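Q: my questions are about this predicted structure, shown below with the sequence.
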2 protein chains.
Amino acid sequence: MKYCSSCGSTVEFRVPKGDTLPRHVCPNCGAVHYQNPKIVVGALPEWEGRVLLCRRAIEPRHGMWTLPAGFMENEETTAEGAARETLEEACARIDVGPMYTLIDVPYISQVHIIYRARLLDLDFRPGEESLEVALFDEADIPWEQIAFRTIALTLRHYFADRRSGNWAFHTASIDTPPPGYVLPGQPPHG
Amino acid sequence: MKYCSSCGSTVEFRVPKGDTLPRHVCPNCGAVHYQNPKIVVGALPEWEGRVLLCRRAIEPRHGMWTLPAGFMENEETTAEGAARETLEEACARIDVGPMYTLIDVPYISQVHIIYRARLLDLDFRPGEESLEVALFDEADIPWEQIAFRTIALTLRHYFADRRSGNWAFHTASIDTPPPGYVLPGQPPHG
């Protein structure tokens, strides 16, 4: 952020009076521009023991598999966001069940929330951000091709809970980037 | 948002190519400025059957009681945010326990997450945003003076679960504003 989105002046990066952290502050109009973590919402849609996955048509992780999920929008609930993302990425309708995992990813300032869900019919197909959409038995899950660690962890919990019969809500924090991850603003290794 | 925070040009409000919702888009540099829900994180600190509440020294709801909670910051986890807010608002140190409630508040694009917590000592006092900090037995909770409905709902779950001995994680959505609430951008009743 270089310019004030309210008045267009050049912003300063400093600790506002009464605050504890540096913020983008406008010296002209006084606006303080906070930046806060984003929520990613998604669903784990089930159909007769199989799980719906999408193969990504976009970066990051183009070509890898994931549960339908994406950034939560203003004025929706987390459950509504999970259903919306499933419709957008898999053209699939779901009955949203209980919240299943909430995983902090602090190094990218995100919180990932996945709901269990029941696929309502088999009328699904890839949305604009997906190359393929398919149902997987546990034995066929492409574990080496799962796009994100929060999704792999959610899937591991799902199959473990299903085996034990003890369904629980799971929280976790993934505190360090995966190998090879380049933090925004840092140059990649040459 | 009137001006692009990247280049200072006047932004347009329109649906970007390949998107489904209108966004603030810069016609000069092409930046798309997304606006997403914010997370409020907090704690329900317990001490020998009593619960720590803070009386607010700031708007909204100046003078009313609440659990220590506030906007989650970038690069922290939800649990770290709960501990930080408790330190800031009550100068109190806690051992953060399990996530306890997650409540959607879509009409203000917020998600409120409260953790159960154990107060580590009685060395607490009001932080800058609090007028008073005190421990309450269930019988003394100032129910008519609780600042936010998400906090009142969390406290009701807490005392009900404690009575039944069945501790659970609770989710909910509060879909309509409270009586008299003025949505941002709308004039108050004259």
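A: Thanks, I have it. Small disclaimer: the values here were computed from a predicted structure and weren't measured. Residues are numbered from 1 along each chain as shown, chains lettered A, B, ... in the order given.
Q: from now on I want contacts and neighbour counts done on CA atoms only, so please keep to that.
A: Will do.
Q: where's A:E80 relative to A:M72, distance?
A: Per Cα to Cα, to the nearest Å, A:E80 is found 9 Å from A:M72.
Q: which parts of chain A belong to which domain?
A: A:1-35, A:38-173 (automatic domain parsing).
Q: deepest in the core, which of those is it.
A: domain A:38-173 (a mean of 19; mean count of other Cα atoms under 10 Å in any protein chain shown).
Q: quick one: is that domain near chain B?
A: Yes. Using Cα under 8 Å from any Cα of the partner chain, domain A:38-173 reaches chain B at A:38-39, A:71-78, A:99, A:104-109, A:169, A:171, A:173.
Q: mind checking the SS state of A:P177?
A: With DSSP: H, G, I helix; E, B strand; the rest coil as the basis, A:P177 sits in coil.
Q: surely it is in contact with A:Y107?
A: Yes. Between A:P177 and A:Y107 there is a contact at 7.0 Å, judged by Cα atoms under 8 Å.
Q: in chain A, which strand has the most residues?
A: strand A:94-105 (DSSP state E).
Q: name the strands paired with the next helix or strand after that strand and say parallel or antiparallel.
A: Toward the C-terminus, strand A:94-105 is succeeded by strand A:110-119 as the next helix or strand (DSSP states H and E). Next to strand A:110-119 in the sheet, as set by DSSP bridges, lie strand A:38-47 (parallel), strand A:94-105 (antiparallel).
Q: save those as CSV, and put in mean pLDDT too.
A: Formatted as CSV, those follow (pLDDT from 0 to 100):
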stretch, mean pLDDT
strand A:38-47, 98
strand A:94-105, 98
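Q: what's the closest of those to A:M1?
A: Closest of these to A:M1 is strand A:38-47, at 16.8 Å (criterion: Cα to Cα).
Q: and the following helix or strand past that closest one, what does it pack against?
A: For strand A:38-47, the following helix or strand on the C-terminal side (DSSP H and E) is strand A:50-56. Contacts defined by 3 or more Cα pairs under 8 Å, 6 or more residues apart in numbering or on different chains; DSSP states H and E place strand A:50-56 against strand A:38-47, strand A:65-66, strand A:130-136.
Q: for strand A:50-56, give me every contacting residue.
A: A:44-46, A:62-68, A:89-90, A:126, A:129-138 (Cα atoms under 8 Å, 6 or more residues apart in numbering or on different chains).
Q: give me that answer again for 7 Å
A: A:44-46, A:62-68, A:90, A:129-137 (Cα atoms under 7 Å, 6 or more residues apart in numbering or on different chains).
Q: repeat that for stretch A:39-48.
A: Taking Cα under 7 Å, 6+ apart as the rule, stretch A:39-48 contacts A:51-52, A:67-72, A:78, A:81-82, A:85-86, A:94, A:110-119.
Q: and the longest helix along chain A with strand A:50-56, angle?
A: Determined from DSSP state H, the single longest helix within chain A is helix A:149-164. Here the directions of helix A:149-164 and strand A:50-56 differ by 170 degrees (axes from the mean of the first three to the mean of the last three Cα atoms, to 10 degrees).
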